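# Need coordinates for the below:
(one chain, ligands or ions: 2)
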Amino acid sequence: MSNLPTTFDKPVLLGVIGGTGLYQLDSLTPVARLTVSTPWGHPSSPITISLTKSGFPIAFLARHGVHHQFNPSEVPSRANIAALKSIGVKAIIAFSAVGSLQEHIHPRDFVLPTQIIDRTKGIRPSTFFENGMVGHVGFGDPFDAKLAAVIAKAAPVLEKNGSQLHTKASTGGDLTLICMEGPAFSTRAESNMYRSFGGSVINMSAIPEAKLAKEAEICYQMICMSTDYDAWREGEEAVTVETVVSHLKANSANAHAFTEAILEHLEGEIVAGTVGRDLEGSMRFAVSTAPNAVAREMLQKMHFLLPGYWPLD
Ligand SMILES: CSC[C@H]1O[C@H](OP(=O)(O)O)[C@H](O)[C@@H]1O
Ligand SMILES: Nc1ncnc2[nH]cnc12
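Ligands and ions are numbered 1, 2, ... in the order given. Here you go, the predicted model:
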């Protein structure tokens, strides 16, 4: 049990979601721990608010729970995104442990993907728009290029530790993240198929998180941390949890140092509104259903996410 306050009275503009192996932000001083309830239930963990040296607040949430108790299909992503939105978050940096589908993306390298191929199985609730309220979000560019560009400025910290950061600029093209359902890893045939799709890396977490962030008008960038070569390499053992775990400690240390360096560049951009504002207002006209035909209960739920967009009377 922590003795931290359970409220925080200022908006928190930046959210960090930690994945496998990243359950807290060690380098920052925690000042509050919030238990948030949303119309979509409770998020997977309390939200820890920490301050940077200059007093800029950051919200941290553990995707799989503080004890890693939610499997990828069970993560309450709608509650996670709605909870971050409700405290003021405009931009999310989401960490994820991934398998590499390309020889040159080595274990312990980091990747800023630009595209996603959704290979989940439709069993995860993946939209806030349902129950008689139909909305369609644009998802052509699932990640935020401005946020990625600021994150990329912190690359020297990784290079110093022997890890490379792969970006669209350094690669000269899109970096595609395959998101599979899991929890079992891919077969060798699947792994090769994903390579033939042009996949760069693979995880089980980007969908629906990235889609829901778009619906919530939150700028979102995933930072992928490579832990293995999945199952495509001939003559080598296919990925196991042991392989993943063997790189998690180094990746987590790198993630902490990287986050600190990212914040030096990002804090000012978010405060100035040059990052985190591009999706504002984008969902106002994304709904096809006439608001007066939508049940009041549904409008109330959506009022939590996007207050004032669809009047309640
Ligand atoms: C334990 S390896 C598979 C697991 O790791 C990744 O989790 P996260 O994205 O939260 O870091 C991957 O997506 C799978 O959920
Ligand atoms: N090979 C892999 N497949 C899916 N998710 C992963 N997370 C880490 N490695 C992975």
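# switch to C-alpha atoms for all contacts and neighbour counts from now on
OK.
# who in the protein is up against ligand 2?
Residues of the chain that fall close to ligand 2, judged by C-alpha under 6 Å from any ligand atom: 97, 98, 99, 185, 202, 203, 204, 227, 228, 230, 239.
# Phi and psi next, for residue 78.
As for residue 78, its main-chain torsions (degrees, to the nearest 10) stand at phi -60, psi -40.
# Not counting sequence-adjacent ones, nearest residue to it?
Closest residue to residue 78 in three dimensions, ignoring its sequence neighbours and counting by C-alpha to C-alpha, 6 or more residues apart in numbering: residue 40, at 6.1 Å.
# what's near enough to touch the one you found?
Residue 40 makes contact with 78, 79, 82, according to C-alpha atoms under 8 Å, 6 or more residues apart in numbering.
# elements contacting the longest helix belonging to the chain?
Criterion DSSP state H: the longest helix present in the chain is helix 241-272. With contacts defined as 3 or more C-alpha pairs under 8 Å, 6 or more residues apart in numbering; DSSP states H and E, the packing partners of helix 241-272 are helix 145-152, helix 155-160, strand 219-228.
# Number of residues surrounding the residue in the stretch 101-250 of the chain positioned nearest to ligand 1?
Nearest to ligand 1, among the residues of the stretch 101-250 of the chain, is residue 204, at 3.5 Å (C-alpha to the nearest ligand atom). As a burial measure, residue 204 scores 25 neighbours (other C-alpha atoms under 10 Å).
# contacting residues around it?
Applying C-alpha under 8 Å, 6+ apart to residue 204 gives the contacts 72, 120, 179, 180, 181, 182, 183.
# Pretty sure residue 70 is one of the things the last one touches, is it not?
No - the pair residue 183 and residue 70 fails to qualify as a contact (C-alpha atoms under 8 Å) at a distance of 10.7 Å.
# Could you pull out the strands in the chain for me?
With DSSP state E, the ranges of strands along the chain come out as 14-18, 29-34, 47-51, 57-62, 91-100, 110-111, 115-119, 165-166, 176-180, 199-203, 219-228.
# For the last one, name the packing helices and strands.
The contact analysis (3+ C-alpha pairs under 8 Å, 6+ apart) places strand 219-228 against strand 91-100, strand 110-111, helix 145-152, helix 206-215, helix 241-272.
# what's the offset of stretch 91-106 from the middle of its chain?
Here the centre of mass of C-alpha atoms in stretch 91-106, compared against the chain's by C-alpha atoms, centre = their mean, to the nearest Å, lies 12 Å away.
# model confidence over it, on average?
Confidence over stretch 91-106, taken as the mean pLDDT, stands at 98.
# returning to that earlier point: so between residue 183 and residue 70, which is more surrounded?
Set side by side, residue 183 and residue 70 show unequal neighbour counts under other C-alpha under 10 Å, the larger going to residue 70 at 14 against 10.
# Excluding chain neighbours, what is closest to that one?
Sequence neighbours aside, residue 64 is the residue nearest to residue 70 in space, at 4.7 Å (criterion: C-alpha to C-alpha, 6+ apart).
# tell me the contacts of the one you found?
With contacts taken as C-alpha under 8 Å, 6+ apart, residue 64 has the following neighbours: 19, 20, 44, 45, 70, 71, 72, 75.
# surely the last one meets residue 42?
Spelled out, it's residue 75. No - in this structure, residue 75 sits apart from residue 42 without contact. The criterion is C-alpha under 8 Å, and the distance is 10.6 Å.
# Settle it for me: which of those two has more neighbours?
Regarding residue 75 and residue 42, a neighbour count based on other C-alpha under 10 Å identifies residue 75 as having more, with 22 against 18.
# Check that one and give its pLDDT.
Among the per-residue scores, residue 75 shows a pLDDT of 98.
# Quick check: phi and psi at it.
According to degrees, to the nearest 10, residue 75 has phi -60, psi 130.
# where's it relative to ligand 2, distance?
The span separating residue 75 from ligand 2 equals 14 Å under the rule C-alpha to the nearest ligand atom, to the nearest Å.
# Switch the helices and strands packed on helix 241-272 over to CSV; also include mean neighbour count.
Converted to CSV, the helices and strands packed on helix 241-272 look like this (neighbours: other C-alpha atoms under 10 Å):
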stretch, mean neighbour count
helix 145-152, 19
helix 155-160, 16
strand 219-228, 27
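# now those in a markdown table, with distance to residue 93 and mean pLDDT?
Rendered in a markdown table, the data for the helices and strands packed on helix 241-272 read as follows (distance: least, C-alpha to C-alpha, whole Å; pLDDT from 0 to 100):
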| stretch | distance to residue 93 | mean pLDDT |
| --- | --- | --- |
| helix 145-152 | 8 | 98 |
| helix 155-160 | 15 | 96 |
| strand 219-228 | 5 | 98 |
